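1. curious how this folds, go ahead:
(chains A and B)
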Amino acid sequence: MNRSLAIVLAIIGIWLAWSSFYILHEGEQAIVTHFGEYRYSVREPGLYPKWPIANEVHRMERRILGTDSPPQEYLTLDKKKLVADPVSRWRIVDPLRFHTSVRDESGAKARISDIVNSELRREIANNDFGDIIGTARGPMMQRVAEGARGRVAAFGIELVDVRIKRADLPLEVQESVFARMRAERDRSAKRYRSEGHEEAAKIRAETDKTRAILLAEAYRDAQSLRGEGDGESARIYAEAYGKDPDFYALTRSLQVYENTITEKDALVLSTGSDLLSHVDSP
Amino acid sequence: MSNQFGGGRPPDLADVMAQVSDSLGRNFRKLGPVVLILFLLFLAATGFYQVEPGEVGVVRTLGKETGRTEPGLHFRIPLLQRVDVVDISEVRRIEVGFRGDQVKAAEAQMLTGDENMVQAQMIVQYRIADPSKYLFRLARPEDTLRATAEVVLRSVVGRMTIDDVITRGRGQVQTESLEELQRLMNTYESGIEITEVKLQSVDPPDPVKDAFHDVVRAREEKEKLINQARGYQEDLIPRARGEAQQMLRSAEAYKEQRVLEATGDAERFNALYAEYRKAEKVTRRRLHLESMERVLAKVDSKTIVDRQLSGSTLPILPLGNKPAVRAAVGATVATEQGAAQ
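-> Numbering: from 1, shown residues only, chains lettered A, B, ... in the order given. Sure thing, here's the model as predicted:
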């Protein structure tokens, strides 16, 4: 009997020792309650004592957590529809407030989603679609985070930042965007083609022009050279033959006879001519 | 146990208790130390762990991070110490817009700054640079990285025009995405280092792909047309230059030829004239006779008419009747030649 009592006592002892301490790990924090009443928060990791049974340790994340809200439709300043899904990063900085206001992570996520969505709705309504897609997105998300930060502080939550993961057009609008894109591309395809023709025609015309000018210039120079040749030869002839035109006429006439009278020609000569005057009279 | 008692009489509870505790006690006394030693050995064995090359062990003692262990075999105190072994050298990757061979259309499709749409696929390569942060500062680091990569890619593409994104801006998207992603992951205390951001592909969405391809074709056609025209130019202009040179050269040749011929003719005339001046009358006569000789020698058909008949007989000569003429002429030729000599 004594031994069994010792065993029971040992088991109780172990349990007491076990439940008088708790280990808080890196990345965790906790609040400790005494019969359900808040006592204190623990934020650093380590081994801590507590009252068995009376004290309860509620652990929670100390790491940065994320909330990925489902996509929602928003209306921009220029009355365009935009589908966006904000992503928030946050951490628990006040375990007590967190525990009393939202209890756990899923509760916190729902509240953060609501707050961020409403902030985002307001900011999107103040901006044009094009700006939200482009350059204004960064500053706009800063303002959303700024606005939401104050409101989630009440839950013991610090908002690290808020970003839009996807910012897209609603499905029914996409088809019209595609149609516009097609039209734009068709336009530039046509432009490229006609630019090609334009450029080619320019080059061909320029070529034809250059060619015509080249040939005409050559013709001009050639004719002038030929003229010079003709002129020069005329001068030389005139100079030579001018000495005795009569003699020139004789020699040239004789040349003409020699060159033009061929064997096919028939000559009728009179003995009255100088040449043949000796045929019948010595 | 029940058949041990047998009989119909219910067993005495105290007896049973005594029996159980007795046998327990007896067994414990014998087996107790053995069980205890086995238990302690088992506990100690679970305390050994191995860290592979490229890994680091992060040791927590009573929940608090107390140190790191290098590759090798190590011991941790069971129950009091915990170790997370993290691979800090392996470069891991996540895929945005696709998984393996499959395109994730909703994830890949995004708006550009000029309100067009593109489908972009990106690979992010990263490694764990700070295991403590990776383990203890950010919950679900991989999910966070994936979501943030999407955020960053969309915001970078959203600042550019579709033409930039598809063509020249590829490098810009990569560098800007890398910088911004690293900056955000640092603010989330992820302990992750982004080593590379690679844009796999940036394409127009399927419904407009053909139109985009047509633009590329049109651009190529434009180049083709221009090249053809340039070919025409390359072909024609040198030919024309050659033709022009040909014209010039032939004109130059003509000029030279004319002048030289004229000079030659003039020199011949001058030389003859110089002699002619010495004996004008006889030279005239001689030149005339020599020419006539050559002319008459050449001509087949010659008719010599008496000076009294000239002017009246000519019309009736049978000039068309060649053999008759030749016969009549036979004698006169001999006479002519005789006279010429």
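2. ok, now how distant is B:Y49 from chain A?
-> According to CB to the nearest CB, to the nearest Å, B:Y49 and chain A sit 18 Å apart. For every residue, glycine as well, the C-beta is placed using N, CA and C.
3. please enumerate the strands of the stretch 1-150 of chain A.
-> Counting by DSSP state E, counting those that start in this stretch, one finds strands in the stretch 1-150 of chain A at the ranges A:21-24, A:28-34, A:37-42, A:46-49, A:55-61, A:65-68, A:72-75, A:81-92.
4. now for the first one, which elements pack on it?
-> Using 3 or more CB pairs under 8 Å, 6 or more residues apart in numbering or on different chains; DSSP states H and E as the contact criterion, the elements in contact with strand A:21-24 are strand A:46-49.
5. make it 10 Å
-> Helices and strands touching strand A:21-24, by 3 or more CB pairs under 10 Å, 6 or more residues apart in numbering or on different chains; DSSP states H and E, are strand A:28-34, strand A:46-49, strand A:55-61.
6. is chain B within reach of the shortest one?
-> Yes - contact between strand A:46-49 and chain B is present through A:G46, A:L47, A:Y48 (criterion: CB under 10 Å from any CB of the partner chain).
7. quickly list what the first one is bridged to.
-> What that stands for is A:G46. With DSSP bridges as the criterion, A:G46 is bridged to A:L24.
8. and it, how many neighbours?
-> 14 (other CB atoms under 10 Å in any protein chain shown).
9. wait, what's in contact with the closest residue to B:R146 other than its chain neighbours?
-> Nearest residue to B:R146, sequence neighbours excluded (CB to CB, 6 or more residues apart in numbering or on different chains): B:I94, at 5.3 Å. By CB atoms under 10 Å, 6 or more residues apart in numbering or on different chains, the contact set of B:I94 is B:M122, B:I123, B:V124, B:Q125, B:Y126, B:E142, B:D143, B:L145, B:R146, B:A149.
10. and which of the residues of strand A:46-49 next to chain B is nearest to B:V86?
-> B:V86 lies nearest to A:G46 out of those, by CB to CB, at 21.8 Å.
11. where along the stretch 51-200 of chain B do the strands fall?
-> Using DSSP E, counting those that start in this stretch, the strands of the stretch 51-200 of chain B run over B:55-61, B:64-69, B:72-75, B:81-87, B:92-96, B:98-99, B:102-103, B:109-111, B:117-128, B:192-203.
12. of those, which stretch is the most buried?
-> Highest mean neighbour count of the strands of the stretch 51-200 of chain B: strand B:109-111, a mean of 24 (counted as mean count of other CB atoms under 10 Å in any protein chain shown).
13. list the neighbouring strands of that one plus their orientation.
-> Applying DSSP bridges to the sheet, strand B:109-111 is found paired with strand B:117-128 (antiparallel).
14. pLDDT (mean, whole number) over the strand it pairs with?
-> For strand B:117-128, the mean per-residue pLDDT is 94.
15. domains of the chain?
-> No chain specified, so I'll use chain A. Here the domain parsing of chain A from automatic domain parsing is A:2-61, A:65-174.
16. please refer instead to chain B.
-> B:15-46, B:48-87, B:92-204, B:207-278, B:291-307+B:318-340.
17. can you lay out the ones you listed as a markdown table showing distance to A:F247?
-> As requested, those are exported to a markdown table (distance: least, CB to CB, whole Å):
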| stretch | distance to A:F247 |
| --- | --- |
| domain B:15-46 | 143 |
| domain B:48-87 | 119 |
| domain B:92-204 | 89 |
| domain B:207-278 | 6 |
| domain B:291-307+B:318-340 | 14 |
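18. just the angle between the host helix or strand of B:R268 and strand B:192-203, please?
-> For B:R268, the element it lies in under DSSP states H and E is helix B:206-278. Counting by axes from the mean of the first three to the mean of the last three CA atoms, to 10 degrees, helix B:206-278 points 60 degrees away from the direction of strand B:192-203.
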